[in-house]
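Asks: quick one, fold the following:
(one chain, ligands or ions: 2)
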Amino acid sequence: MDFQKRILVTGGAGFIGSHVVRLFVNKYPHYKIINLDKLTYAGNLANLKDLENSPNYEFTKVDIVDAEAVQEAFEKFQITDVIHLAAESHVDRSITNPTEFVMTNVIGTVNLLNSAKFYWKDAMEGKRFYHVSTDEVYGSLGNEGMFEETTAYDPHSPYSASKASSDHFVRAYHDTFGLPMVISNCSNNYGSFQFPEKLIPLFIHNIQNKKALPVYGKGENVRDWLWVEDHARAIDVIFHQAKTGSTYNIGGHNEWKNIDLIKVLCKIMDKKLGRAAGESEELISYVKDRAGHDLRYAIDSSKLQRDLGWKPSLQFEEGLEKTVDWYLTNTEWLNNVTSGDYKKYYENQYTKR
Ligand code: NAD
Ligand code: DAU
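Replies: Ligands and ions are numbered 1, 2, ... in the order given. Next comes the predicted model:
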């Protein structure tokens, strides 16, 4: 079949990537979606089991740090567009091993940019390099204000520094070589298929197993939560409609202090598991704070809402309940990803303090 576009989605076996791949494969049968992923601890093809036999979907196992392999993928699949999500994504891991974040997030991104520049050469028209980034590049807010697209970058963790660096490279390739790029910076995502090292799935898993809930510091840090499927929808809209060279913030206007969110989650879990009211809250255990812990993130997504008509579809409490239901139903998925490597990570992260 002659496909209208052949889109390379990097990191498609991860949390957000798998939702983006699913949305595009199902919604655009006239596009071929090539999921390029190294399958690190966070990449899991079980996230895309339902697409295995789709005629417009293909998986290729490639490490984006390997420049030659990236170039080969461009040639083999005749890539017309890129949606780049592959990254080391967990802040705590970036504190333990910053270099890995530089390799994947910076060098890996530059390898993709070089391949796009080389392969698309003088035929940049109609192509798109979409770089998926984070609100963490903007740093930390006090009690007031929101991140806008024009907010100066001020990253604090090795993770956010590596993402900021990759954003700068993407813009530099646009300004220097005319590479047709767009960037979006999104707030915290939650939903199905999220690796249980991140706050919400980790705490669901721990509550279910009556394990301690390790709250960093006093639990007063604020995050702005967005349902992952709303992020995928925003990526779809930006991919198709944004002007080349533009940046969009994506967020849910949904700020929660960690401790308040955790208490709501405990209440939902008590109800779902038939436990006495307040039982799960007793698992809360205040632990040493994350180093360089950003106090507050809040995204102003009015540009996206105004220009491209996107808005979040789900209220947080509804989304959180749906998410809890998903993890409680998909116990096999959760057990598979919490075995092996993750167990070692967990012991190091929470018992050596
Ligand atoms: P994730 O950790 O769940 O998935 C990352 C994916 O990238 C995995 O499938 C992994 O195997 C793959 N990968 C890692 N290193 C690779 C390499 N060297 N070569 C090829 N593939 C590699 O991450 P996520 O939470 O889905 O985040 C996806 C993207 O969205 C990241 O770029 C992240 O910075 C960004 N983002 C995430 C959030 C969030 O809340 N999770 C919010 C805003 C932006
Ligand atoms: O803002 C977007 C970012 O959101 C993404 O770019 C990152 O990839 C993603 O991991 C996420 O970063 P956070 O550091 O905000 O997410 P995390 O789930 O790790 O933590 C959320 C908050 O909860 C944060 O304030 C730290 C706190 N926390 C986290 C863990 C894992 C705890 O208190 N205890 C924990 O065990």
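
Asks: ramachandran angles for the closest residue to ligand 2 within the stretch 1-150 of the chain?
Replies: For the stretch 1-150 of the chain, the residue closest to ligand 2 is residue 134, as judged by C-beta to the nearest ligand atom, at 3.1 Å. C-beta here means a position set from N, CA and C on the backbone, and glycine is covered the same way. Per-residue torsions, residue 134: phi -130, psi 160 (degrees, to the nearest 10).

Asks: quick check: it touching residue 162?
Replies: No. Using C-beta atoms under 8 Å, residue 134 is not in contact with residue 162, being 10.2 Å away.

Asks: between those two, who's got more neighbours?
Replies: Taking neighbours as other C-beta atoms under 10 Å, residue 134 and residue 162 compare with residue 162 leading, 27 against 23.

Asks: pLDDT on the helix or strand encompassing residue 112, on average?
Replies: Assigned by DSSP states H and E, residue 112 belongs to helix 109-120. Averaging pLDDT along helix 109-120 gives 98.

Asks: do it and ligand 1 meet?
Replies: No. Using C-beta under 6 Å from any ligand atom, helix 109-120 stays clear of ligand 1, coming no nearer than 9.2 Å.

Asks: need the contact partners of that helix.
Replies: Contacts to helix 109-120, defined as C-beta atoms under 8 Å, 6 or more residues apart in numbering, come from residues 10, 64-67, 70-71, 73-75, 79, 82, 84, 127, 129, 131, 166, 169-170, 173, 177, 179.

Asks: now do the lengthiest helix in the chain and helix 109-120, the angle between them.
Replies: Looking across the chain with DSSP state H, the single longest helix is helix 158-177. Put simply, helix 158-177 runs at 30 degrees to helix 109-120, going by axes from the mean of the first three to the mean of the last three C-alpha atoms, to 10 degrees.

Asks: and the next helix or strand after helix 158-177, is it in reach of ligand 1?
Replies: Downstream of helix 158-177, the next assigned helix or strand under DSSP H and E is strand 181-186. Yes. Shown here: strand 181-186 in contact with ligand 1 (C-beta under 6 Å from any ligand atom) through residue 186.

Asks: just checking the next helix-or-strand element following strand 181-186 against ligand 2, any contact.
Replies: Per DSSP H and E, the first helix or strand lying C-terminal to strand 181-186 is strand 188-190. Yes. Strand 188-190 comes into contact with ligand 2 (C-beta under 6 Å from any ligand atom), by way of residue 188.
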